[in-house]
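**Q** Sequence plus predicted model, see below.
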Amino acid sequence: MIALPLSQQTLDSLGIRIRLEKFTKGEIRKPVSVPGSFTKQKRNPQGFLAVLQAPIKGIIDSIDIILFTLIIGGFMYVFNETGAMVKGITWIARTMKGREHWLIAILTSVFSFFAGSYGMAEEAIVFYPILVPLFLAAGYDLLVPLAIIFGGTSVGCIAAFTNPFSVIIASNAAGINWMDGLSQRLILWGIVTAIMVWYILRYAAKIKKDPTASLVHKIDGEVKSLYAVNISNESSTPKLDWKTKLLLFIYVGTFFSMIVGVVFLDWWTTEMSALFLGSAILIGIITGLKEKIFIQEFIKGAESLLGVAFIIGVARGVTIVLNEGHISDSILYYAANMVQGMEPAFFILGLLLFYIIFSLFIQSSSGMAVLTMPIIGALAILVNVPGREIVNSYMYGMCLMSFLAPTGLILPSLAMVNISLKTWVKFIMPLLVILLIVCMAALVIGIYL
């Protein structure tokens, strides 16, 4: 093995078109191939024992990410058990009765933030009984609360910034720092969320003006809500006491502090894990949880993300097997020859199309990451595409298809509001075209930044 100086000149002389900072800052965390250095070697098949050891090695190699993920799970469980989230959203919904256009904007943004921050999905179902009767009483149809809840969480996942189920797993499997591209994702999150709010408000205003223009009325006819209750009873409005307000402030402040720390203070998993652990302890103190109960609740939360933690280790283990078995180099060599000379813009847009198509069949974000990222993440470097854009194309493609994929949450969500898939497709398709164009533009701009 020959040791070479750590300099940009060394990288340039080897034909590796990557800035030195990508390595020194940890944005690329795996070995990269030197162009033109591929040589045939003896086969090195990985036996049963090697394959069995690979996930263990992967867990050891990814222990910082895994611990961060488990601590986030503990924090979220402790916070959710306070009931502050449900109280906060219910309070907003009740107190803003009569100002539904502001309510639509606020709730859609809130659901989008929850999805982008920790991956809210199935948990959002509990809000249908709260919001459906409220919007029906205000003169809207069933599509409006569905678009706010399901649409809000779906659009938030497109540019997820700390979602352990997508961006963290995929970045780890691709061998890059998951914080690479964080600022771009935050900007895109704001853009797509604003587009979603505008789209819902535009439809809601049309329904308010002319109820016969409702797509539910046109396609499904007279549909009865499963939650047709009288919402005028003000006694059902929860009171936001100082404790609930403080808990909500801590929740938002924790994620905001993490983003500030990452962007301006060069935080990594140790600092971020300490932040979430400290916030969980603070919530426990405010709510008066005894030490034993706090530990039990925190462990339950960590347990809820234990599957994600193991997947992170398995994803790294897959890479270990491919590398030690000389498999990944061969795949990359022949794949690189196929895409050699391809414009990075065409490559990244083709990859987006790949994920859109395959997400119709695989709606597991972690499963898709484990299957594809070890190879595609390494291939991206050879075709001069930033690794963050590979992760972004995976998230954009999967989340765009999540609006429609019957293997995801759309069918249970439709059942909650009692409308047909045909109605939803008619409503959402124009928006998906807009979001697709925005995502394509974001990817093309991202590869040249």
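**A** Perfect, thanks for sending it.

**Q** The protein: strands as residue ranges?
**A** Assigned by DSSP state E, the strands in the chain number zero.

**Q** where are the low-confidence patches of it?
**A** 1-4, 10-41, 43-45, 225-238, 263, 326-341 (pLDDT under 70).

**Q** Show residues contacting stretch 385-392.
**A** 27-28, 159, 167, 170-171, 174-176, 178, 180-181, 184-185, 344, 347-348, 351, 373, 376-377, 380-381, 442-443, 446-447, 449 (Cβ atoms under 8 Å, 6 or more residues apart in numbering). (C-beta placed from N, C-alpha, C; glycine too.)

**Q** How far off centre is it?
**A** Stretch 385-392 has its C-alpha centroid displaced from the chain centroid by 15 Å (Cα atoms, centre = their mean, to the nearest Å).

**Q** What would that stretch look like as PDB? C-alpha coordinates only.
**A** Extracted in PDB, the C-alpha atoms of stretch 385-392 (Å, rounded to 0.1, in the frame of the first residue of the first chain):
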ATOM      1  CA  VAL A 385     -22.800  13.000  -8.800                       C
ATOM      2  CA  PRO A 386     -22.800  14.100  -5.100                       C
ATOM      3  CA  GLY A 387     -23.900  11.400  -2.800                       C
ATOM      4  CA  ARG A 388     -26.500  13.600  -1.200                       C
ATOM      5  CA  GLU A 389     -28.300  13.800  -4.500                       C
ATOM      6  CA  ILE A 390     -28.500  10.000  -4.700                       C
ATOM      7  CA  VAL A 391     -30.200  10.000  -1.300                       C
ATOM      8  CA  ASN A 392     -32.400  12.900  -2.400                       C
END
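
**Q** So which of the contacts of stretch 385-392 belong to helices?
**A** Under the assignment DSSP state H, the contacts of stretch 385-392 contribute 170-171, 174, 184-185, 344, 347-348, 351, 373, 376-377, 380-381, 442-443, 446-447 to helices.

**Q** and these, which are buried?
**A** 170-171, 174, 184-185, 344, 347-348, 351, 373, 376-377, 380-381, 442-443, 446-447 (16 or more other Cβ atoms under 10 Å).

**Q** Now do the helices in the stretch 251-400 of the chain.
**A** 269-287, 291-304, 306-324, 327-339, 344-358, 365-382, 387-402 (DSSP state H, counting those that start in this stretch).

**Q** Just name the most buried of those helices.
**A** Ranked by mean neighbour count, those are led by helix 387-402 with a mean of 26 (mean count of other Cβ atoms under 10 Å).

**Q** Give me the angle between that helix and helix 344-358.
**A** Counting by axes from the mean of the first three to the mean of the last three Cα atoms, to 10 degrees, helix 387-402 lies at 40 degrees to helix 344-358.

**Q** For helix 387-402, what is the distance to the chain centroid?
**A** Worked out by Cα atoms, centre = their mean, helix 387-402 lies 9 Å from the chain centre.

**Q** One more: stretch 289-297?
**A** The answer for stretch 289-297 is 29 Å, by Cα atoms, centre = their mean.

**Q** likewise stretch 300-308?
**A** For stretch 300-308, the distance to the chain centre is 17 Å (Cα atoms, centre = their mean).

**Q** Span of it from start to end?
**A** 14 Å (Cα to Cα, to the nearest Å).

**Q** thinking Gly181 is in contact with Ile445, fair?
**A** No. Counting by Cβ atoms under 8 Å, Gly181 stays clear of Ile445, with 11.7 Å between them.

**Q** More neighbours: those two, which one.
**A** Gly181 (24 against 13; other Cβ atoms under 10 Å).

**Q** Look up phi and psi at that one.
**A** Phi and psi for Gly181, reported as degrees, to the nearest 10, are phi 90, psi 10.

**Q** Can you give me the distance of the spatially closest residue to it that is not a sequence neighbour to Ala415?
**A** Once flanking residues are discounted, Gly181 sits nearest to Arg388: 3.3 Å by Cβ to Cβ, 6 or more residues apart in numbering. Arg388 is 37 Å from Ala415, where distance means Cβ to Cβ, to the nearest Å.

**Q** Equivalent analysis for Gly350, please.
**A** 35 Å.

**Q** again with Ile259
**A** 36 Å.

**Q** need the contact list for Ala205.
**A** Counting by Cβ under 8 Å, 6+ apart, the residues that Ala205 touches are His101.

**Q** Would you confirm that Gly284 contacts Tyr77?
**A** No. Assessed by Cβ under 8 Å, Gly284 is found out of contact with Tyr77, at 11.3 Å.

**Q** What is the burial count for the closest residue to Trp189 other than its chain neighbours?
**A** Nearest residue to Trp189, sequence neighbours excluded (Cβ to Cβ, 6+ apart): Ala159, at 4.0 Å. Ala159: 29 surrounding residues under other Cβ under 10 Å.

**Q** do you know how far Ala159 is from Thr69?
**A** 19 Å.

**Q** do the same with Ser420
**A** Between Ser420 and Thr69 the distance is 37 Å, computed by Cβ to Cβ.

**Q** In terms of neighbours, single out the busier of those two.
**A** When Ser420 is set against Thr69 and neighbours are counted by other Cβ under 10 Å, the residue ahead is Thr69, at 24 against 14.
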